[in-house]
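Asks: predicted model and sequence below, questions to follow.
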Amino acid sequence: MRAYEEADPSRLSYLVMLTFDKSVGQDKIDEFSDSLLRNLGGRKRIYSNFCIISSRERITFIWPAQSQTNNAVVISRANTILYKKLQRILLKTLLGLIFAALAVAGVVAYLLWTGYFEWSLFEHAFRVATRLAVYTLSAFIASLALTELISLDLNRRFIHKLDWLRNIILNNAEKVFSEKVEKTSDLPEPLRGTLACIKAQQLLAWGQLVRIRLPGL
């Protein structure tokens, strides 16, 4: 069994492509994913032809999810999905509040300019509303900063445990598939094309997991 690795700390990902001497069945792929689940923790599910093991610190994609194969690919990266979703929610809400505040300020300025009401009658209420808006915007900005700090800490821990992760995956592969791992630094051209397609599918699945839609925003 040959193992081609790509460890990229800058992109916070670890990839290994396992090439078997003979085709392995779905039962072995399931056994491999279950073995990784026991060691990595978290929960397992099938999504877009990937078996996904997600824990608090990392998310691991195993391809293929359900088929007999001559190759298996494992891609693991820091699990920042929850924090990315929170950041998107906070950012969209923050932009909505800013636009709303600008709209209200525009209406008030227009009414003052046309002399519709006296400024002295609403000055106190306007100052209170301004303070509330400033505090609210500050809270949202602080929340964005906090989620970014948590994401950075997860990234730091992922890099710190990269060698541990590599050993877990390769040791489990040797145990489940009953073959010694031989590391290789090169791939034949057909396998390069296959790996490129798998990486593209994984990025698409990752994007779908991170994406969140809020009605009206």
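Replies: Cool, the structure landed.

Asks: CA atoms for contacts and neighbours, from now on please.
Replies: OK.

Asks: which parts of this protein are strands?
Replies: Counting by DSSP state E, the chain has these strands, from start to end: 2-8, 13-24, 43-47, 50-54, 58-63, 69-78, 182-184.

Asks: below-threshold pLDDT in this structure: ranges please.
Replies: For the chain, residues meeting the criterion pLDDT under 70 lie at 9-11, 81-83, 85, 117-119, 121-122, 210-217.

Asks: run the chain-centre distance for the longest helix anywhere in it.
Replies: Secondary structure assigned by DSSP state H gives helix 119-160 as the longest helix of the chain. Per C-alpha atoms, centre = their mean, to the nearest Å, the displacement of helix 119-160 from the mean C-alpha position of its chain is 23 Å.

Asks: next: stretch 21-28.
Replies: Mean-position distance between stretch 21-28 and its chain equals 29 Å (C-alpha atoms, centre = their mean).

Asks: what sits up against that stretch?
Replies: Outside stretch 21-28, the residues that touch it by C-alpha atoms under 8 Å, 6 or more residues apart in numbering are Met1, Gln66, Ser67, Gln68, Thr69, Asn70, Asn71, Val176, Phe177.

Asks: about what we covered before: would you list the strands of the chain in JSON lines and tack on distance to Trp113 and mean neighbour count?
Replies: Rendered in JSON lines, the data for these read as follows (distance: least, C-alpha to C-alpha, whole Å; neighbours: other C-alpha atoms under 10 Å):
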{"stretch": "strand 2-8", "distance to Trp113": "59", "mean neighbour count": "17"}
{"stretch": "strand 13-24", "distance to Trp113": "57", "mean neighbour count": "18"}
{"stretch": "strand 43-47", "distance to Trp113": "58", "mean neighbour count": "14"}
{"stretch": "strand 50-54", "distance to Trp113": "57", "mean neighbour count": "22"}
{"stretch": "strand 58-63", "distance to Trp113": "56", "mean neighbour count": "24"}
{"stretch": "strand 69-78", "distance to Trp113": "54", "mean neighbour count": "20"}
{"stretch": "strand 182-184", "distance to Trp113": "74", "mean neighbour count": "13"}
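
Asks: any chance of TSV for the ones you listed, columns distance to Leu165?
Replies: What follows is the strands of the chain, written out as TSV (distance: least, C-alpha to C-alpha, whole Å):
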stretch	distance to Leu165
strand 2-8	11
strand 13-24	8
strand 43-47	17
strand 50-54	13
strand 58-63	10
strand 69-78	9
strand 182-184	16
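
Asks: nearest to Leu137, out of those strands?
Replies: The closest of these to Leu137 is strand 69-78. By C-alpha to C-alpha, the value is 29.2 Å.

Asks: so what touches that closest one?
Replies: Taking C-alpha under 8 Å, 6+ apart as the rule, strand 69-78 contacts 12-26, 57-64, 154-155, 158.
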